[in-house]
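# Show me the folded form of this:
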Amino acid sequence: DNTQRETGRKAQHGNIEASKVVADIIRTTLGPRSMLKMLLDAGGGIVLTNDGNAILREIDVAHPAAKTMIDLSRTQDEEVGDGTTSVIILAGELMHVSLPFLEKNIHPTVICRGYMKALEDAVAVLEDIAFPVDVNNSEQMMNIVNSCIGTKFTSRYGTFIPELALEAVKCVAVEDAEGRKDIDVKKYAKIEKIAGGRLEDSRVLKGVMFNKDVVAPGRMKRKIANPRIILLDCPLEYKKGESITNVEITKEDDWAALLKVEEDWIANVCAQIIAFKPDLVVTEKGLSDLATHFFTKAGVSAIRRIRKTDNNRIARASGATIVHRPEELQESDVGTKCGLFEVEKIGEEYFAFVVDCEEPKACSILLRGPSKDTLNEVERNLHDAMGVARNVMLEPKLLPGGGAAEMAVSRVLSEKAASVEGAEQWPYKAVATALEVIPRTLTQNCGANVIRTLTKLRAEHASDGTSTMGINGHTGKITDMKELGVWEPFQVKAQTMKTAIEAAAMLLRIDDIVSGVGKGKKTDSTGGAASKNADDDNDADAEQQLHD
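Residues are numbered from 1 along each chain as shown. Next comes the predicted model:
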C-alpha cells in the first residue's frame, strides 16, 4: 500500500518547506538585474526566460503545496499579466515567517486571522499612497510600461517594446454605451512571430495579418487598395450527404442533370456574393474549384479555411460582419474600412495583410527576431507589457516601484501592530516583516550590501514618511522612485498582495495530507492503515495542541 499520510506539525512544516523551495527557484529572477533560467520542456525545446509564470509552468512538482504555489503565478498572469515572480516570493516568505508561531504552538487559525487583518490594512495603505495618472499622457504611460519591461530580456531595446504594447492596447480599447472600457488583448491583439529579420522590424499593424494565401495565386489579385470585404463562415462547395447517399440513375441524362444541379447551386451562391461587388471574400470553411472559377472570372480574390479567431479580428478591423448564409447578405455587412489588402511572402510562407484600416478595433503585432527562442521570450515580455498597459487604462492609479510600496506598507503595519489585540498581533507584525522580502531580493540580485541598504531604507521610510523611496534595481542604491520614474499599476500590486496573503493563509490551515490514495480502494481503509503507521510523537503533538 503506497499511501502516505502526514499529519499535524509534520504536514505544516512540509508545506512551509515546499513553498520556500518554490520561492527560492525564482527568487533570482526579480528586478532589472535578474538572471535567466534555461529549461528543457517536454518536447525537447528550450525555454529561456525570467518570467515567473513561464518558469514554473515548465516545472514538474509532486508536493501538493508546491503545486498550489505554482497555480498562484498562473492566476496572477491571467488576472493582471504581471507580478508573477513577486507573488511567489511574497507567499513563500509569508509561509516562512509563520514557522516560529507554529513552534510556539500558536494555532494556525489565529495566524490566519492576523494575516487577513494585515491584508485589509495593507490594501488600505496602497489606496492611500496610490495617485492618479492621465491615461492620455503617453510619456507617463511609457514610464509605467517601461518599469514593467525593465526587469525583462527586452529592456535592452529601450522603449521599443513598450511602444508596441501601448499602441496595441490603445488600438483594441473600446468603450461601450455606459462608458465602461473593454480591453480584450487576448482575443483582438494577436502576436504573430516570424523568425528572421531584426527585432527592430517588428511593428503593430493598423489591421490584421494571417498565414494564408489567396486560393488561386496566379489568377487572383494579391494587392487591392480599399477593398470591399465579405466575411463568411459557411462552405462555398456543394453539401455532401451526412451518411452514404445512394442515388439510382436510370437514364444518362439524369446524371448530367444531377451534376448541373450542383453547378447551378454553386453558381447561384457565387452570383449572390458577387452582386455586392466585393474585392475579397474570406470564408472559414472550404471553397470548391468551381466557386474559385466564378470568383476569378468576376475578379474577386478569395481566401478559405481561415481560423475563427482571425475572422473575428478581420471583422473588428475592417468593419465587416461575419455572415452565415450567402442569401442573407446585406450592403451593411460589407467591410469598407480597410485601406489595403496584400499578400506578402515572408521567409518561406505567404502572409495576407488587411492593413491601413480606419479606426481598427483589432490589430496584429508582427514580431521579427533572430531565433524562435528569442521570439518566444519577446512575446512573453510583450504580453506582460500589454497587461500592464491594460491595467493602467482600466484603473488609472499608480504606485512607486522598486520595493517602495512594499516598504511603505510594511512601515504602517509595524506601527499599527501595537494596537492589534491578543495573539494576532504577532502574525500581523510578521506580515510587515515579510513584505520587506521584495526590496531585499532586489538588493540581493544586484549585489549590494543587503543589511546596510535595508536598514537605511527602513530609516528613510520611518524618518519622514516618504513612501516613494525605493531601491534602484540597477545600482542597488536607495533612490526616490518619483525621480527615477519607476511606477507600477495599482491593480498589479494589490492583486499580488491579495493572492499571496490569502494563499499563505490557506496553506497554513492544512494539517493533514494524504497522498497516493488508490482509485479502487475506499479511502477509509487506507486511512486506517495509514494512521496506525503515523508517528506516535505526532499524535502526542496533536493531543498537546488540543489541551493548549
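# any idea where the strands of the stretch 201-350 of the chain begin and end?
Remark: strands assigned in the stretch 201-350 of the chain by DSSP state E, counting those that start in this stretch are 203-204, 208-210, 223-225, 229-232, 280-283, 301-303, 322-323, 340-346, 349-355.
# Any idea which of those strands gets closest to Arg313?
strand 208-210 (4.6 Å; C-beta to C-beta). Just so you know, the C-beta spots here come from the backbone N, C-alpha and C atoms, and that holds for glycine as well.
# got the strands of the stretch 201-350 of the chain as JSON lines, with mean neighbour count, mean pLDDT and distance to Cys171 columns?
Below are those laid out as JSON lines (neighbours: other C-beta atoms under 10 Å; pLDDT from 0 to 100; distance: least, C-beta to C-beta, whole Å):
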{"stretch": "strand 203-204", "mean neighbour count": "17", "mean pLDDT": "86", "distance to Cys171": "7"}
{"stretch": "strand 208-210", "mean neighbour count": "24", "mean pLDDT": "87", "distance to Cys171": "11"}
{"stretch": "strand 223-225", "mean neighbour count": "14", "mean pLDDT": "87", "distance to Cys171": "22"}
{"stretch": "strand 229-232", "mean neighbour count": "25", "mean pLDDT": "89", "distance to Cys171": "18"}
{"stretch": "strand 280-283", "mean neighbour count": "27", "mean pLDDT": "89", "distance to Cys171": "21"}
{"stretch": "strand 301-303", "mean neighbour count": "25", "mean pLDDT": "89", "distance to Cys171": "23"}
{"stretch": "strand 322-323", "mean neighbour count": "19", "mean pLDDT": "88", "distance to Cys171": "20"}
{"stretch": "strand 340-346", "mean neighbour count": "17", "mean pLDDT": "87", "distance to Cys171": "17"}
{"stretch": "strand 349-355", "mean neighbour count": "20", "mean pLDDT": "86", "distance to Cys171": "12"}
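# Output the ones you listed as CSV; include the columns distance to Asn2.
Shown next, in CSV, are the strands of the stretch 201-350 of the chain (distance: least, C-beta to C-beta, whole Å):
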stretch, distance to Asn2
strand 203-204, 54
strand 208-210, 51
strand 223-225, 66
strand 229-232, 56
strand 280-283, 55
strand 301-303, 56
strand 322-323, 54
strand 340-346, 54
strand 349-355, 51
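# With respect to Ala389, which of the ones you listed lies nearest?
strand 203-204 (12.1 Å).
# Which secondary structure elements does that closest one sit against?
Judged by 3 or more C-beta pairs under 8 Å, 6 or more residues apart in numbering; DSSP states H and E, strand 203-204 is in contact with helix 160-172, strand 363-369.
# one step back: looking at the strands of the stretch 201-350 of the chain, which is nearest to Phe153?
Closest to Phe153 of the strands of the stretch 201-350 of the chain, according to C-beta to C-beta: strand 203-204, at 19.4 Å.
# Show me the helices in the stretch 401-548 of the chain, by range?
404-417, 425-435, 437-445, 450-464, 481-484, 490-508, 523-533, 536-547 (DSSP state H, counting those that start in this stretch).
# From Pro439, how far out is the residue lying closest to Gly447 once chain neighbours are set aside?
Nearest residue to Gly447, sequence neighbours excluded (C-beta to C-beta, 6 or more residues apart in numbering): Gly476, at 6.6 Å. Distance, Gly476 to Pro439, using C-beta to C-beta, to the nearest Å: 10 Å.
# hang on, the earlier thing: what's the closest of the helices of the stretch 401-548 of the chain to Val204?
helix 490-508 (22.7 Å).
# between that closest one and helix 425-435, how many degrees?
Per axes from the mean of the first three to the mean of the last three C-alpha atoms, to 10 degrees, the angle that helix 490-508 makes with helix 425-435 is 130 degrees.
# what residue ranges in the protein are flagged as low confidence?
Applying pLDDT under 70 to the chain flags the ranges 1, 241, 465-466, 517-548.
# List the contacts of Thr402.
No Thr there; residue 402 is Gly. Going by C-beta atoms under 8 Å, 6 or more residues apart in numbering, Gly402 touches Pro439, Leu442, Gly470, Ile471, Asn472, Gly473, Thr479, Met481, Leu484, Val486.
# Could you pull up phi and psi at it?
phi 60, psi 30 (degrees, to the nearest 10).
# hmm, back to that, nearest to Leu507 among the helices and strands packed on strand 203-204 would be which one?
helix 160-172 (34.0 Å).
# other SSEs contacting that closest one?
Checking 3+ C-beta pairs under 8 Å, 6+ apart, helix 160-172 ends up next to helix 138-149, helix 185-188, strand 189-195, strand 203-204, strand 363-369, helix 372-394.
# That helix: how far from the chain's middle?
16 Å (C-alpha atoms, centre = their mean, to the nearest Å).
# ditto for stretch 46-55
Averaging C-alpha positions (C-alpha atoms, centre = their mean) puts stretch 46-55 13 Å from its chain's average.
# Next, the buried residues of that stretch.
Val47, Thr49, Asn50, Asp51, Gly52, Asn53, Ala54, Ile55 (16 or more other C-beta atoms under 10 Å).
# Between the two ends of it, how far is it?
The straight-line separation of the ends of stretch 46-55 (C-alpha to C-alpha, to the nearest Å) is 11 Å.
# cool, stretch 180-200 as well?
35 Å.
# which of the residues in that stretch are buried?
For stretch 180-200, by 16+ other C-beta under 10 Å, it's Ile183, Val185, Tyr188, Ala189, Lys190, Ile191, Glu192, Lys193, Ile194, Leu199.
# cool, stretch 30-50 as well?
Buried, per 16+ other C-beta under 10 Å, within stretch 30-50: Leu30, Gly31, Pro32, Arg33, Ser34, Lys37, Val47, Thr49, Asn50.
# In CSV, list the buried residues of stretch 46-55 along with secondary structure.
Listed next are these as CSV, based on DSSP: H, G, I helix; E, B strand; the rest coil:
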residue, secondary structure
Val47, strand
Thr49, strand
Asn50, coil
Asp51, coil
Gly52, helix
Asn53, helix
Ala54, helix
Ile55, helix
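# Determine which two of those are furthest apart.
Those two in the buried residues of stretch 46-55 that are separated most widely, counting by C-beta to C-beta, are Val47 and Gly52, at 12.7 Å.
# Need the phi and psi values for the nearest residue to Leu40 once chain neighbours are set aside.
On the basis of C-beta to C-beta, 6+ apart, the spatially nearest residue to Leu40 that is not a chain neighbour turns out to be Ile46, at 6.2 Å. With angles defined as degrees, to the nearest 10, Ile46 sits at phi -110, psi 130.
# I figured Ala320 hits Gln330, correct?
No: counting by C-beta atoms under 8 Å, Ala320 stays clear of Gln330, with 11.3 Å between them.
# Those two - which one has more neighbours?
Set Ala320 next to Gln330 and count neighbours by other C-beta atoms under 10 Å: Ala320 wins out with 25 against 9.
# For the nearest residue in space to the more buried one that is not next to it in sequence, give me its contacts.
If the residues on either side of it in the chain are set aside, Ala320 comes closest to Gly335, at 2.7 Å by C-beta to C-beta, 6+ apart. Neighbouring residues of Gly335 by C-beta under 8 Å, 6+ apart: Arg228, Ile229, Ile230, Leu231, Ile314, Ala315, Ser318, Gly319, Ala320, Thr321.
# what about 10 Å?
Taking C-beta atoms under 10 Å, 6 or more residues apart in numbering, we find Gly335 in contact with 227-231, 278, 280, 282, 314-322, 354, 357.
# How about the contacts made by Ile161?
Per C-beta under 10 Å, 6+ apart, neighbours of Ile161: 145-146, 148-149, 152-155, 199, 202, 367, 378, 381-382, 384-386.
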